[in-house]
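Peer 1: Got a predicted model here, sequence first, then my questions.
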Amino acid sequence: MSPNAHVTDLTVNPYKADFPLLANNPELAFLDSAATAQRPAVVLDAQRRFYETMNANPLRGLYKLSVEATEAIQQARQHIARFIGAPNAKDIVLCRNTSEALNLVAFSFAPMVLRPGDEVCITIMEHHSNLVPWQQVCKRTGAKLVYMYPDKNSVITEEEMRAKIGPKTKIVAAAQVSNVLGVENDVKTMAKIAHEFDAYMVVDGAQSVPHITVDIADIDCDFFAFSGHKIFGPMGIGILWGRHELLDAMPPFLTGGEMIESVTQQGATWAPVPEKFEAGTQDAAGAYALNAAITYVESLGWGAIEAREAELAKYCIEQLSALPFIRLIGPADPAAHHGAISFNVCTVHPHDVASILDMNDVAIRAGHHCAQPLLAWMGIESCCRASVAFYNDKQDIDKLVEGLKKVWSMFNGE
């Protein structure tokens, strides 16, 4: 499908037909893509095609099926590298998800550079997957965890970065896009400042890769992680990219299977990067299907995706702002939101809001969104989140608004 003149016309939706779950449930307003996206038919077909036509254990066999499975993984690795601007496909490590990728960095790389008194600098808006691993590694190494905080517009300013990143900093880790606030952090500037102090930059791209063009060469980070299931691929496949010299120096996170070069009774040597970090049988079908997901996204064009999602964010925030009982969380400027829009209904618990909306075929997320320190810093325990993707439309937002009116009426008798 090519971008067309109707891409920003939210009354027209040329995309839902590509997604079987959405096409088969036209009454559903699915507004939880930040948690996991829906999958287009081409991705579902690709995963099935792998198992039907090339199902074999990759890397291990010399027969035709195994060779084809191996080639499928390598082609996926090359495509993923091009997609995020990585210079070498051999530095693309296949993981289960972003969480595993970030844990790999925290547990294999961080102990190589952290000593007592050193600092790891992260933002208060991190998902637990880019927070708890750093807490744990700091406890083990004697390093200190330092937080950067956003201003009133939800922006982590360069002034704040320079106040927190300094001579003691060895690692800076940040989400490129917040899964709660939807804001894009200036990870390029963070990386620049980190490198001024010979520190390393780790970027969580779980929420950015589905919504904006990503170029890790331009960011100049040292590690970058994202998940397949948030960019319309299957669950169970994730990506870690790292600078080759760093990956090469790191010890493996898991051992066994094809990450072995040779084994004796008392020792072992490791395969080269990336196989060194890919213990056991890899999700070859998942990699093959992720390849198809990226091809699908590229066929739409980032210009069309970003333009439509900007229009969705604008319309959603305008409609929510018109409801006097809604408190928006995060920046008021719709252009500052990438995918996620968080809010609360006055006096109504977010779980009640989500449950009532579900009865009206509207799917949103309610809770702390795996970002408890951020919510605690903002003075709330939980909130509602509506997250959009290009396959949403005006009808989805209108159903959300009508559902919220019902929520307010049920609790306030109006």
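Peer 2: Received, thanks. Numbering: from 1, shown residues only.
Peer 1: Tell me if I'm right that residue 36 and residue 229 touch.
Peer 2: Yes. Using C-beta atoms under 8 Å, residue 36 is in contact with residue 229, at 4.9 Å. (Glycine included, C-beta is placed from N, CA and C.)
Peer 1: Which one of those two is surrounded by more residues?
Peer 2: The residue with more neighbours, out of residue 36 and residue 229, is residue 229; 23 against 12, by other C-beta atoms under 10 Å.
Peer 1: which residues touch the more buried one?
Peer 2: Shown in contact with residue 229 (C-beta atoms under 8 Å, 6 or more residues apart in numbering): 36-37, 97, 235-237.
Peer 1: ditto for residue 235
Peer 2: 36, 97, 228-229, 286.
Peer 1: where are the low-confidence patches of this structure?
Peer 2: Within the chain, the stretches with pLDDT under 70 are 1-5, 60, 414.
Peer 1: Give the residue farthest from the middle of it.
Peer 2: residue 265 (41.1 Å; C-alpha atoms, centre = their mean).
Peer 1: partner residues bridging residue 342?
Peer 2: residue 329, residue 385 (DSSP bridges).
Peer 1: Tell me how many other residues surround the residue lying closest to residue 155 once chain neighbours are set aside.
Peer 2: Computed as C-beta to C-beta, 6 or more residues apart in numbering, the closest residue to residue 155 that is not its neighbour in sequence is residue 183, at 6.9 Å. Applying other C-beta under 10 Å, we find 23 residues neighbouring residue 183.
Peer 1: go on, residue 381?
Peer 2: Applying other C-beta under 10 Å, we find 12 other residues in the vicinity of residue 381.
Peer 1: hang on, isn't it packed against residue 375?
Peer 2: Yes. Using C-beta under 8 Å, residue 381 makes contact with residue 375 at a distance of 6.5 Å.
Peer 1: what's the spacing between the most centrally placed residue in the chain and residue 221?
Peer 2: Taking C-alpha atoms, centre = their mean, the centroid of the chain lies closest to residue 206, which sits 1.1 Å from it. With distances taken as C-beta to C-beta, to the nearest Å, residue 206 is found 14 Å from residue 221.
Peer 1: Equivalent analysis for residue 162, please.
Peer 2: Residue 162 is 18 Å from residue 221, where distance means C-beta to C-beta.
Peer 1: which of those two has more neighbours?
Peer 2: The neighbour comparison of residue 162 against residue 221 (other C-beta under 10 Å) goes to residue 221, with 26 against 12.
Peer 1: Next, give phi and psi for that one.
Peer 2: phi -90, psi 170 (degrees, to the nearest 10).
Peer 1: which residues touch it?
Peer 2: Residue 221 touches 187, 191, 201-203, counting by C-beta under 8 Å, 6+ apart.
Peer 1: Number of residues surrounding residue 237?
Peer 2: If we define neighbours as other C-beta under 10 Å, then residue 237 has 25 of them.
Peer 1: Name the nearest residue to it, ignoring sequence neighbours.
Peer 2: Here the residue nearest residue 237, using C-beta to C-beta, 6+ apart, is residue 286, at 3.5 Å.
Peer 1: And residue 389, by the same measure?
Peer 2: residue 33 (4.1 Å).
Peer 1: Where does residue 76 sit: helix, strand or coil?
Peer 2: At residue 76 the chain is in helix, as set by DSSP: H, G, I helix; E, B strand; the rest coil.
Peer 1: Over to residue 46?
Peer 2: At residue 46 the chain is in helix, as set by three-state DSSP.
Peer 1: so how far is residue 53 from it?
Peer 2: From residue 46 across to residue 53, the span is 11 Å (C-beta to C-beta).
Peer 1: The two: which is more packed in?
Peer 2: residue 46 (24 against 11).
Peer 1: Wait, the more buried one touches residue 287, no?
Peer 2: No. Using C-beta under 8 Å as the test, residue 46 is too far from residue 287 to be in contact (10.1 Å).
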